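Undergrad: Model the structure of this input:
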Amino acid sequence: MEQFVVFKLGQEEYGLDILKVQEIIRPFKPVKLPNSPDYVLGIIDLREEIIPIIDLKRFLNLGSLAETEETRIIVLKQNEHALGILVDEVEEVLRIDQQKITSSGDFEHNLNKEFIYGIAKVEGRLIVLLDLATVI
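TA: Numbers count the residues shown, from 1 in each chain. As a prediction, the model looks like this:
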């Protein structure tokens, strides 16, 4: 069993390995960076640590995010690097049996699998499991 933080981008559900999630916070206005890609919203100072914030929806070419009361920043940490991703809504922490996860290597489709760890089938739901290690 693995644990994933499940969140929404639009109506679709996505998941991230909980071991890579440092914390989940309410969004606040980032400082814009000049000449940065359009998906980079800027940087924030979170307890003396400078963290870049990206609009995950825009980064994955799924449109752009419209902030609501449910919008959250998921702060990811890998080694010494941190990254904040803006998502529409964080739903739950979910335990998923490895047998319910189809590896991205098993896809026969010509999909861009660069950030996809796998697809989980849980109680009639399809949850795209992301691996954003290369982004961090």
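Undergrad: And the closest residue to L19 other than its chain neighbours, what's its pLDDT?
TA: Distance criterion C-beta to C-beta, 6 or more residues apart in numbering; nearest residue to L19, sequence neighbours excluded, is Q3 at 7.8 Å. All C-beta spots, glycine's among them, are computed from the backbone N, C-alpha and C. Note for Q3: predicted pLDDT of 96.
Undergrad: where does A133 land in three-state SS?
TA: Counting by DSSP: H, G, I helix; E, B strand; the rest coil, the backbone at A133 sits in coil.
Undergrad: Report the spatially closest residue to it, excluding sequence-adjacent ones.
TA: Excluding its sequence neighbours, the residue lying closest to A133 (C-beta to C-beta, 6+ apart) is Q78, at 5.8 Å.
Undergrad: cool, and I73?
TA: G84 is the one closest to I73 (C-beta to C-beta, 6+ apart), at 4.5 Å.
Undergrad: How about the least confident helix or strand in the chain by mean pLDDT, which residues are buried there?
TA: Using mean pLDDT, DSSP states H and E, the weakest-scoring helix or strand in the chain turns out to be strand 101-103, at a mean of 86. The neighbour-count check on strand 101-103 (16 or more other C-beta atoms under 10 Å) flags I101 as buried.
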